[in-house]
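> Turn this into a model:
(2 chains)
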Amino acid sequence: GQQVMQIPQYQHVQEGEDFTTYCNSSTTLSNIQWYKQRPGGHPVFLIQLVKSGEVKKQKRLTFQFGEAKKNSSLHITATQTTDVGTYFCAGPTGGFKTIFGAGTRLFVKA
Amino acid sequence: DTGVSQDPRHKITKRGQNVTFRCDPISEHNRLYWYRQTLGQGPEFLTYFQNEAQLEKSRLLSDRFSAERPKGSFSTLEIQRTEQGDSAMYLCASSVGGSGANVLTFGAGSRLTVL
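A predicted model of the protein is given here:
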């Protein structure tokens, strides 16, 4: 079945360093979403990308959707302790469900 | 509060007991989803409702699991004869239709511990 893979599984950074997580789908996606889950919290929607090659920015966060619409990335510039959490990518299947990657857990050391 | 509400937030039960979780979605959202999340994993899809119709169920949803959404408003997820492997966070999410259909708003979840 369709799968969404994320790497790395976790990453430790020093505050101020950059961070990137990558998402790869086994099939072409019509769109892709990114969510953030703080420790002890629930996933919160960050952004949706729809167009091939699309790049969107939210302050220090840059999201990119690949040309083939099978991969995506999230880059955080100059991480802060408030960035701590797990970042998930998610995409729709041919049916109604949205499947999630296993997430990349970000640890930020002050 | 206009978000997605879930109740109870925590449930501890003994193996073999039945448990029921409730989800109240955002009122304007006609789509409702149940997911299960275990430690270190992403949410796993369980089932989906559009209004009151249950349109898709995961293979993960064994016969012990049943979900309803009467009148297309709140939803319940019942687990019968619970097993220790059912211990997880059960997340409810809702969304609108159209271009926002894949943008999920999650509730805080119901954490189940089966002893």
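> What pairs with the least confident helix or strand in chain B by mean pLDDT, parallel or antiparallel?
Least confident helix or strand of chain B, by mean pLDDT, DSSP states H and E, is strand B:53-57 with a mean of 89. Strands that pair with strand B:53-57, judged by DSSP bridges, come out as strand B:44-50 (antiparallel).
> now what about the partner strand, what contacts it?
By C-beta atoms under 8 Å, 6 or more residues apart in numbering or on different chains, the surrounding residues in contact with strand B:44-50 are A:96-100, B:30-38, B:54-58, B:60-61, B:65, B:67, B:69, B:72, B:75, B:77, B:90. Every C-beta, even on glycine, is put in place using the N, C-alpha and C of the backbone.
> Now restrict these to buried residues only.
The neighbour count (16 or more other C-beta atoms under 10 Å in any protein chain shown) marks A:96-100, B:30-37, B:56-58, B:61, B:65, B:67, B:69, B:75, B:77, B:90 as buried among the contacts of strand B:44-50.
> Alongside chain A, which residues does chain B contribute?
Taking C-beta under 8 Å from any C-beta of the partner chain as the contact definition, chain B meets chain A at B:31, B:33, B:35, B:40-45, B:48, B:50, B:55-56, B:58, B:91, B:99, B:101-109.
> low-scoring pLDDT stretches of chain B, where are they?
Residues of chain B that meet the criterion pLDDT under 70 lie in B:1-2.
> Which ones among the buried ones among the contacts of strand B:44-50 lie within helices?
Residues of the buried ones among the contacts of strand B:44-50 located in helices (DSSP state H): none.
> Put the buried members of the residues of chain B next to chain A into a PyMOL selection.
Buried residues within the residues of chain B next to chain A, by 16+ other C-beta under 10 Å, are selected in PyMOL with:
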select buried, chain B and resi 31+33+35+41+42+43+44+45+48+50+56+58+91+101+102+103+104+105+106+107+108+109
